[in-house]
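S.K.: what's the 3D shape of this:
(one chain, ligands or ions: 1)
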Amino acid sequence: MSKKYLVTGGAGYVGGVVATHLLEAGHEVTVLDDLSTGFREAVPAGAKFIEGRVHDASEWLDSSYDAVLHFAASSQVAESVAKPEKYWENNVVGSFALLGAMRAAGVRTLVFSSTAATYGEPVSTPITESDPTAPTNPYGATKLTVDHMIASECAAHGLAAVSLRYFNVAGAYGSAGERHDPESHLIPLVLQVAAGKRESISVYGEDYPTPDGTCVRDYIHVADLAEAHLSALDAAVKGEHLVCNLGNGSGFSVREVIETVRKVTGHPVPEVVAARRDGDPAVLVASAETARTRLGWTPSRPDLGGIVADAWAFARRGETQE
Ligand SMILES: O=c1ccn([C@@H]2O[C@H](COP(=O)(O)OP(=O)(O)O[C@H]3O[C@H](CO)[C@H](O)[C@H](O)[C@H]3O)[C@@H](O)[C@H]2O)c(=O)[nH]1
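M.R.: This next block holds a predicted model:
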């Protein structure tokens with residue numbers, strides 16, 4: 001049955017791909033985005049667009065919506081250390097206002113974009129949802145605070161909510177891909193080197209306790225991630241706050257990512273070893289068992305070569321449009 005969804009942050013990378021999946025499934029979608037980091041052209045055709053902030057959601061959110069999918073947030077770890085107030089204002093104050101608007105309008109289902117950064121330095125691998133949460137930066141702290149806010153809203157006011165904790169989202173879907181300004185994420189940066197737009201990639205540390213000394217991450221295809229959101233809408237239960245990690249459960253090192261980019265693109269990728277980046281855990285790999293059992297979700301694009309190939313196709317598309 002067709003439903004009506006509000007997607008906050010739907011002009012961003014993940015929000016835009018999820019909005020596309022909702023439209024493809026025959027639903028009605030309204031995107032709310034202030035375009036502070038998103039792009040108007042990332043809003044899929046077919047979605048209604050409102051330019052505005054989640055802080056003001058009460059002005060127009062009404063009972064005609066079946067659920068909200070909440071992506072609007074600031075999400076750069078380094079920036080969150082330098083400007084924490086921006087993160088508390090955008091992520092926590094904004095989400096607080098959105099929860100209030102949902103309560104007032106009687107919209108009682110929420111899927112929230114949470115993050116592996118809520119765990120901080122892992123105590124064991126793979127990370128499960130019952131592991132301790134001890135974020136090591138304000139970005140993770142603000143997302144964890146929102147998770148707590150949602151949990152209490154479920155308990156007190158019967159909200160049905162699912163928080164999805166993303167590991168490293170990558171790849172592209174259709175015309176939507178990863179674009180940050182400035183770019184700080186590994187795969188888009190390595191692809192810029194392969195495309196000749198950047199001289200070399202800096203490897204942030206090669207003395208970690210990992211097989212090749214570089215950091216290991218769990219890269220998940222953005223389309224697999226999007227599918228989990230649609231399953232989460234169906235799995236949400238009144239009064240429950242369900243938390244699910246989203247990852248493939250296998251880790252790749254920075255050097256393995258660089259090597260994969262060389263293979264996929266056929267271009268040389270010079271690398272230089274740089275100092276460790278503050279706050280980078282050695283290994284971040286998800287146990288996605290809860291997503292499998294509760295959402296019935298299985299990633300169908302776990303191959304790193306395929307993820308990189310899709311990201312490369314997106315990067316090339318950008319070049320031809322420039
Ligand atoms: O130029 C670079 C960029 C990154 N890296 C390394 O590559 C790995 C992946 O880095 P990303 O910046 O791509 O991703 P992160 O693992 O830091 O970030 C992910 O996890 C964060 C929380 O920990 C946030 O949720 C963030 O949005 C999400 O992409 C890290 O080990 C990083 O040190 C490099 O070696 N060189």
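S.K.: in the stretch 1-150 of the chain, which residue sits nearest the ligand?
M.R.: residue 117 (3.3 Å; Cβ to the nearest ligand atom). Every residue, glycine included, has its C-beta placed from N, CA and C.
S.K.: what about that residue, distance to residue 23?
M.R.: 29 Å (Cβ to Cβ, to the nearest Å).
S.K.: next: residue 82.
M.R.: Distance from residue 82 to residue 23, by Cβ to Cβ: 37 Å.
S.K.: on that earlier part again, wait, the residue of the stretch 1-150 of the chain closest to the ligand sits on residue 77?
M.R.: Yes - assessed by Cβ atoms under 8 Å, residue 117 is found in contact with residue 77 at 6.8 Å.
S.K.: one step back: assign the closest residue to the residue of the stretch 1-150 of the chain closest to the ligand other than its chain neighbours to helix, strand or coil.
M.R.: In this structure, residue 117 finds its nearest non-sequential neighbour in residue 140, 3.3 Å apart by Cβ to Cβ, 6 or more residues apart in numbering. Following DSSP: H, G, I helix; E, B strand; the rest coil, residue 140 is assigned to helix.
S.K.: returning to that earlier point: who's more crowded, residue 117 and residue 23?
M.R.: residue 117 (26 against 17; other Cβ atoms under 10 Å).
S.K.: tell me the contacts of the more buried one?
M.R.: Residue 117 makes contacts with 77, 135-137, 139-140, 143, as judged by Cβ atoms under 8 Å, 6 or more residues apart in numbering.
S.K.: tell me which residues are up against stretch 270-280.
M.R.: 77-78, 81, 136-137, 193, 199-208, 215, 255, 258.
S.K.: centre of the chain to that stretch, how far?
M.R.: Centroid displacement of stretch 270-280 relative to its chain, using Cα atoms, centre = their mean, to the nearest Å, is 23 Å.
S.K.: average model confidence for it?
M.R.: For stretch 270-280, mean pLDDT is 93.
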